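K.L.:
dropping the sequence and predicted coords here.
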Amino acid sequence: MYNCLYTFSITRVITLKVMATLTLVLETRRANKEGKFPLLFRIGLKRKYAYINTGIHLYPFEFNAKRSIITSDNKLNTTIKQQEVKYLKKLNLLLGDFPHITDPLEIKSKLLEKGADEVTIKEFWEDHIETLYDAGRNGGAKVYQASLSALSRHFDFNISFRKFTYRELIQLENKLFKSGVSVNGIGVYFRALRAILNKAINTDILSVDCYPFRKYKIKKEKTTPRVLTMEELKRYFQLDLPADHPDYIHWNLGKLIFMMRGINITDLLQLNHKSLKRDHIIYTRSKTGKLYSIAIT
């Protein structure tokens with residue numbers, strides 16, 4: 001771990017002004033399909049953190065955390081060390097120009113500051129995912145990760161934002177349709193893509209003039225209701241499951257969802273004793289903010 005301070009040399013110097021740290025870490029909270037974990041640069045400042053994705057995945061035994069080195073590939077380790085030195089130099093210059101900076105995300109943004117043609121959609125997207133995980137927004141991070149993985153099977157996002165035009169967007173849509181992805185499925189993926197492009201515009205990486213969604217409207221179709229017959233409902237409610245059965249809790253949740261007018265599972269799991277008001281269950285729908293009152297029969 002290196003301490004980068006208000007100084008122009010890459011040394012461990014203590015100062016009373018600003019101190020930021022740049023650490024090479026292996027993020028072991030999630031693995032890829034091969035069981036490897038992402039290698040990240042962690043920027044620390046005033047107990048706040050931001051992460052820069054290296055694009056490298058390793059097994060835990062391939063990384064020496066104490067020495068901050070890759071043990072399995074000397075060439076890869078050299079590349080990472082060169083990148084680390086580059087970041088450290090930029091960090092020292094940055095803190096020299098902005099000695100009172102307090103936000104590691106701002107430091108990260110300036111370290112990654114490149115011309116529009118240098119920042120790829122994929123690395124920007126992956127950085128956003130890392131930021132969401134770091135903020136504890138795991139659900140949102142997984143949606144963005146799933147969308148990136150699904151779209152990457154049909155398009156290589158290792159290109160600059162400027163090169164992703166309306167034409168590429170339409171070609172990607174056609175490939176998704178041909179592969180059997182539904183209209184609403186494409187909508188989920190494209191909303192994530194659109195959010196990434198909007199974020200790139202807000203951070204001045206992408207020009208509004210190059211925004212492909214100006215001319216494209218995300219399509220949506222009504223979902224066919226999944227209707228159960230009365231006989232099927234009776235069979236479900238009349239199941240004889242003992243309390244120690246692994247599906248017992250889920251079976252009861254299913255009954256509750258039906259008896260509470262199709263309550264969303266998220267809202268159901270957030271109910272507590274305060275939700276009980278005499279002979280009614282009262283709750284606010286988390287998605288819409290609408291208030292619901294259901295009589296207990």
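P.N.:
Yes, it's here.
K.L.:
for this protein, name the helix or strand with the lowest mean pLDDT.
P.N.:
strand 2-5 (a mean of 42; mean pLDDT, DSSP states H and E).
K.L.:
for the next helix or strand along the chain from it, buried residues please.
P.N.:
Read in the C-terminal direction, the helix or strand following strand 2-5 is strand 19-26, with elements assigned using DSSP states H and E. Applying a neighbour-count criterion of 16 or more other C-beta atoms under 10 Å, the buried positions in strand 19-26 are 19, 20, 21, 22, 24, 25, 26. The way it works is simple: take the backbone N, C-alpha and C, and place the C-beta from them, glycine included.
K.L.:
the closest residue to residue 130 other than its chain neighbours: which element?
P.N.:
Setting aside the residues directly before and after it, residue 130 is nearest to residue 51 in space (C-beta to C-beta, 6 or more residues apart in numbering), at 4.4 Å. When secondary structure is defined by DSSP H and E, residue 51 falls within strand 48-58.
K.L.:
could you list the buried residues of that strand?
P.N.:
Burial within strand 48-58, assessed by neighbour count using 16+ other C-beta under 10 Å, is assigned to 49, 50, 51, 52, 53, 54, 56, 57, 58.
K.L.:
so which of the buried residues of strand 19-26 is the closest to residue 76?
P.N.:
When the buried residues of strand 19-26 are compared for distance to residue 76 (C-beta to C-beta), residue 24 comes out closest, at 12.2 Å.
K.L.:
help me confirm that that closest one comes into contact with residue 41.
P.N.:
Yes - at 6.1 Å, residue 24 counts as touching residue 41 under the criterion of C-beta atoms under 8 Å.
K.L.:
and for those two, which residues touch both?
P.N.:
When contacts are counted by C-beta atoms under 8 Å, 6 or more residues apart in numbering, residue 24 and residue 41 have residue 84 as shared neighbours.
K.L.:
the residue nearest to residue 130: what's it in contact with?
P.N.:
Residue 51 makes contacts with 27, 40, 41, 42, 43, 108, 127, 130, 131, 134, as judged by C-beta under 8 Å, 6+ apart.
K.L.:
what bridges to it?
P.N.:
According to DSSP bridges, residue 42 are recorded as the beta-bridge partners of residue 51.
K.L.:
C-terminal to the top helix by length along the chain, what's the next element?
P.N.:
Here the longest helix in the chain is taken by residue count, with DSSP state H as the criterion, and it is helix 74-97. Secondary structure here is assigned by DSSP H and E; on that basis, the next helix or strand after helix 74-97 toward the C-terminus is helix 104-111.
K.L.:
pLDDT of the very next helix or strand once past that following helix, averaged?
P.N.:
Proceeding N to C from helix 104-111, the next assigned helix or strand is helix 121-134, under DSSP H and E. Helix 121-134 shows an average pLDDT of 90 in the prediction.
K.L.:
by contact count, what packs against helix 121-134?
P.N.:
Of the remaining helices and strands, those touching helix 121-134 by 3 or more C-beta pairs under 8 Å, 6 or more residues apart in numbering; DSSP states H and E are strand 48-58, helix 138-152, helix 183-202.
K.L.:
of those, which is nearest residue 230?
P.N.:
Using C-beta to C-beta, the nearest of the helices and strands packed on helix 121-134 to residue 230 is helix 183-202, at 28.6 Å.
K.L.:
which positions within the closest one qualify as buried?
P.N.:
Within helix 183-202, the residues that qualify as buried are 186, 188, 189, 190, 192, 193, 194, 195, 196, 197, 199, 200, counting by 16+ other C-beta under 10 Å.
K.L.:
please export the C-alpha coordinates of it as PDB.
P.N.:
Once side chains and other backbone atoms are set aside, the C-alpha atoms of helix 183-202 remain, and they are given as PDB (Å, rounded to 0.1, in the frame of the first residue of the first chain):
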ATOM      1  CA  VAL A 183     -39.000  -7.600 -26.100                       C
ATOM      2  CA  ASN A 184     -39.200  -7.000 -22.300                       C
ATOM      3  CA  GLY A 185     -35.900  -8.800 -21.800                       C
ATOM      4  CA  ILE A 186     -34.200  -6.500 -24.300                       C
ATOM      5  CA  GLY A 187     -35.800  -3.600 -22.500                       C
ATOM      6  CA  VAL A 188     -34.200  -4.600 -19.200                       C
ATOM      7  CA  TYR A 189     -30.700  -4.800 -20.800                       C
ATOM      8  CA  PHE A 190     -31.100  -1.600 -22.800                       C
ATOM      9  CA  ARG A 191     -32.300   0.400 -19.800                       C
ATOM     10  CA  ALA A 192     -29.100  -0.600 -18.100                       C
ATOM     11  CA  LEU A 193     -27.100   0.400 -21.200                       C
ATOM     12  CA  ARG A 194     -29.000   3.700 -21.500                       C
ATOM     13  CA  ALA A 195     -28.200   4.500 -17.800                       C
ATOM     14  CA  ILE A 196     -24.500   3.900 -18.400                       C
ATOM     15  CA  LEU A 197     -24.500   6.200 -21.500                       C
ATOM     16  CA  ASN A 198     -26.400   8.900 -19.500                       C
ATOM     17  CA  LYS A 199     -23.700   8.600 -16.700                       C
ATOM     18  CA  ALA A 200     -21.000   9.000 -19.300                       C
ATOM     19  CA  ILE A 201     -22.700  12.200 -20.600                       C
ATOM     20  CA  ASN A 202     -22.900  13.500 -17.000                       C
END
